[in-house]
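*Asks:* build me a model from this:
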Amino acid sequence: GESGGEFVREVEGVGRLLLSSRNPTGYQGVYAPKARAGTAKPFVAMLTASGVQRHIGWFRTAVEAAACYTRVRHALDARSQKASRSQPSARQMPPAAPPAAS
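*Replies:* I've put the predicted structure just below:
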């Protein structure tokens, strides 16, 4: 991580950051492309949702990128949960009307 193996785990106003033991940055959705090393904003946040990879933005630190990724991920998760609650389940749907006699 940015401080010798210790990762920021929580950010005020965002909550718990999404950590990743498989990602060298230590955070889900945060990458540090070698081509951007030494630039003002070397970290990128990217999110895959519904099979589509979305670029969130470039950031000065991995923590800033992780905070933004976490906010976007929580917003998408909340939207998805709200949409699934508004869809009636098969048990809530009224029975289908029998076919009309011809």
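*Asks:* where does pLDDT dip in the protein?
*Replies:* Across the chain, the ranges flagged by pLDDT under 70 are 1-6, 87-102.
*Asks:* one more pass at 80, please.
*Replies:* Low-confidence segments of the chain (pLDDT under 80): 1-7, 80-102.
*Asks:* can you give me the strands in it?
*Replies:* 10-11, 15-16, 30-31, 43-49, 52-59 (DSSP state E).
*Asks:* return the most buried member of those strands.
*Replies:* strand 30-31 (a mean of 22; mean count of other CB atoms under 10 Å). (Glycine included, C-beta is placed from N, CA and C.)
*Asks:* just put the strands of the chain in CSV and tack on distance to residue 85.
*Replies:* Shown next, in CSV, are those (distance: least, CB to CB, whole Å):
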stretch, distance to residue 85
strand 10-11, 28
strand 15-16, 22
strand 30-31, 30
strand 43-49, 18
strand 52-59, 23
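*Asks:* ok, which of those comes nearest residue 37?
*Replies:* When those are compared by CB to CB, strand 43-49 sits nearest residue 37, at 10.4 Å.
*Asks:* since that was my last question, I'll sign off now.
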